[in-house]
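# Sequence and predicted structure below; questions after.
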Amino acid sequence: MTCVRPLCILALAAGLFAGFPGAMAAEIAVPSGSDALIKAIENAQAGDILRLEPGIHNGPVVLDRPLTLKGDGKAEIRGNGTGSVITVDAPDSAVIAITVTGSGLSQETIDSGIKLTKKATRARVLNNRVLNNLIGVDVHGPKQALVARNVIEGRRDMRKNERGNGIYVWNAPELVAEFNTIRYGRDGIFVNTSHKDTFRNNLFEEVRFAIHYMHGNDGVISGNVSIGNDIGYALMFSDRLTIENNLSEGDRDHGLMLNYANWAKISGNLVRDGGEKCLFMYNSNKGSVAGNRFEGCPIGIHFTAGSENNAFSENAFIGNKTQVKYVGSKHHDWSKDGRGNFWSDHAAFDADGDGIADTVYRPNDMVDQILWTQPAAKLLLGSPAVQLLRWTQSQFPALLPGGVVDTAPLMHAPTFTTPNAGAKG
């Protein structure tokens, strides 16, 4: 069979373009009401953009081929109170600038405003308002998803522990969640068994834990803001996390909590006015804590005897009732390369003007350790025996117990810039 050359070229080009999703994509206007959206999805071709007109569109809906649902901020997809409102079950799909509400309330089936399945590789969830669902966005298995600039608010008519998480992450490697504002859920972002994820520049308010990170290695937590939550950043059973330039302000229990989190890099964070501990480290080893500011907490840092080989330097401890709580006999020098940390209660001089105090700083003594292990001993604090013990330790340093000592304390605290996080549409 012969072929006229121009027609052959056109046929070949058509065949090539047919192999690329979205090559013949159309933009389709979808009116509100009735089942127009459901029918539009059924009739759409891969790569089509379904532009939702203002008003209420009935859900739930399932994207089983690469599609984009796009609103203008005035379109709402409302579920029927059962299951998830939008389920994305295809790669290269997007949900953009839509209000999503009306999920079911089953924790067992992880009912969500927006659910990304394992097939939703490279899915994008952008500039949405995900309101009053059990779980805001469930990222359940896809690779390289993006969840950005959304406002996610949970159910306020439920007790906190009965609510779902703002963003629930399971086995979603290389997820990026950024510039989201998350309120009123159980945890802001809950991670379970997911590696190489990035959470940056998010704002968390009125949740249990801002970021609850479990069994996820090589993750980045950067530039986030946690205000008035139970715990700011709870990082557990994970290795090689980078925690940098975050803010925890007024969190009721801990600003930062590390539990079996090894090789962590903690830098540039500002934790202030916490209700209990700025930083709590439990059995977390071989980490670096440098350039942070811990301010106005009952305890600046509490780390247990199971946390070993962590390097502390260039931090500022300001106005904490107890700067460091360490119950153990091992000696820890909190300085590196001739530079330690700044301690607001360290009355010291700097005769040579090198920025390093002339005397070492020891936050705890033998009396402190007795009080931590035997709280009833507080009754003896004003006794002559306790006063004599403290005077003796000051005159004979060899009597001091093991613990933290800063051999090169800083004379000035480093400055910090508060991160500007949250949804930006």
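Received the coordinates, thanks.
# Quick one: mean pLDDT for the host helix or strand of Val139?
Using DSSP states H and E, Val139 falls within strand 135-140. Across strand 135-140, pLDDT averages out at 98.
# repeat for stretch 296-311
On average, stretch 296-311 scores 90.
# Between the two ends of it, how far is it?
22 Å (CA to CA, to the nearest Å).
# Show me what counts as buried in it.
For stretch 296-311, burial by neighbour count (16 or more other CB atoms under 10 Å) applies to Gly296, Cys297, Ile299, Gly300, Ile301, His302, Phe303, Ser307, Asn310. Bear in mind the C-beta positions are built from the backbone N, C-alpha and C, glycine included.
# Secondary structure and distance to Glu42 added to these, as CSV?
Shown next, in CSV, are the buried residues of stretch 296-311 (DSSP: H, G, I helix; E, B strand; the rest coil; distance: CB to CB, whole Å):
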residue, secondary structure, distance to Glu42
Gly296, coil, 57
Cys297, coil, 56
Ile299, strand, 59
Gly300, strand, 59
Ile301, strand, 58
His302, strand, 57
Phe303, strand, 58
Ser307, coil, 56
Asn310, coil, 57
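# Among those, which one sits closest to Gly219?
Of all the buried residues of stretch 296-311, Asn310 has the smallest distance to Gly219: 18.6 Å, by CB to CB.
# Contacts only, for the closest residue to the closest one other than its chain neighbours.
In this structure, Asn310 finds its nearest non-sequential neighbour in Gly287, 4.7 Å apart by CB to CB, 6 or more residues apart in numbering. If a contact means CB atoms under 8 Å, 6 or more residues apart in numbering, then Gly287 has Leu258, Ala261, Asn262, Trp263, Ala264, Lys265, Ile266, Met281, Asn310, Ala311 as its contacts.
# Type out the ChimeraX command that picks the buried ones from those residues.
Under the burial definition 16+ other CB under 10 Å, those of the contacts of Gly287 that qualify are selected in ChimeraX by:
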select :258,261,262,263,264,266,281,310
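# Narrow the contacts of Gly287 to those in strands?
With strands taken from DSSP state E, the overlap with the contacts of Gly287 comprises Leu258, Ala261, Asn262, Lys265, Ile266, Met281, Ala311.
# Which residue ranges of the stretch 251-400 of the chain form helices?
All helices of the stretch 251-400 of the chain, identified by DSSP state H, counting those that start in this stretch, fall at 366-373, 384-395.
# Lowest average pLDDT across the ones you listed?
When I compare the helices of the stretch 251-400 of the chain, helix 366-373 is least confident, with a mean of 51.
# who's in contact with Pro363?
Contact analysis of Pro363 by CB under 8 Å, 6+ apart lists Thr322, Gln323, Val324, Trp343, Gly403, Val404, Asp406.
# Columns distance to Thr101 on top of the contacts of Gly287, output as JSON lines?
Shown next, in JSON lines, are these (distance: CB to CB, whole Å):
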{"residue": "Leu258", "distance to Thr101": "36"}
{"residue": "Ala261", "distance to Thr101": "36"}
{"residue": "Asn262", "distance to Thr101": "41"}
{"residue": "Trp263", "distance to Thr101": "41"}
{"residue": "Ala264", "distance to Thr101": "37"}
{"residue": "Lys265", "distance to Thr101": "39"}
{"residue": "Ile266", "distance to Thr101": "37"}
{"residue": "Met281", "distance to Thr101": "40"}
{"residue": "Asn310", "distance to Thr101": "45"}
{"residue": "Ala311", "distance to Thr101": "47"}
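# got a list of what the residue lying closest to Gly275 once chain neighbours are set aside touches?
Take Gly275 and drop its neighbours on the chain: the residue closest to it by CB to CB, 6+ apart is Arg252, 4.1 Å away. Residues in contact with Arg252 (CB under 8 Å, 6+ apart) are Gly228, Asn229, Asp230, Ile231, Gly274, Gly275, Glu276.
# if we go to 10 Å?
Arg208, Gly228, Asn229, Asp230, Ile231, Gly232, Gly274, Gly275, Glu276 (CB atoms under 10 Å, 6 or more residues apart in numbering).
# Helix, strand, or coil at Ala210?
strand (DSSP: H, G, I helix; E, B strand; the rest coil).
# any idea how far Ser288 is from it?
Distance of Ala210 to Ser288, computed by CB to CB, to the nearest Å: 22 Å.
# More neighbours: which of those two?
Between Ala210 and Ser288, Ala210 has the larger neighbour count (other CB atoms under 10 Å), namely 32 against 16.
# Need the pLDDT of that one.
pLDDT, Ala210: 98.
# Could you do Gly22 as well?
So Gly22 comes in at 47 (pLDDT).
# now swap in Val405 and tell me
Looking at Val405, its pLDDT reads 89.
# now do the one 4 residues further on
Residue-level confidence at Pro409 comes out at 94, pLDDT.
# Show the contacting residues for it.
Neighbour list for Pro409: 317, 334-335, 339-343, 346, 348, 350, 356-362 [criterion: CB under 10 Å, 6+ apart].
# So Val30 is in contact with Glu42, correct?
No. The criterion here is CB atoms under 10 Å, and Val30 misses it with Glu42 at 11.8 Å.
# Pick out whichever of the two has more residues nearby.
Val30 (20 against 11).
# so what's the backbone phi/psi at that one?
phi -120, psi 110 (degrees, to the nearest 10).
# Provide the secondary structure category for the closest residue to it other than its chain neighbours.
Computed as CB to CB, 6+ apart, the closest residue to Val30 that is not its neighbour in sequence is Ala40, at 4.7 Å. Three-state call for Ala40 (three-state DSSP): helix.
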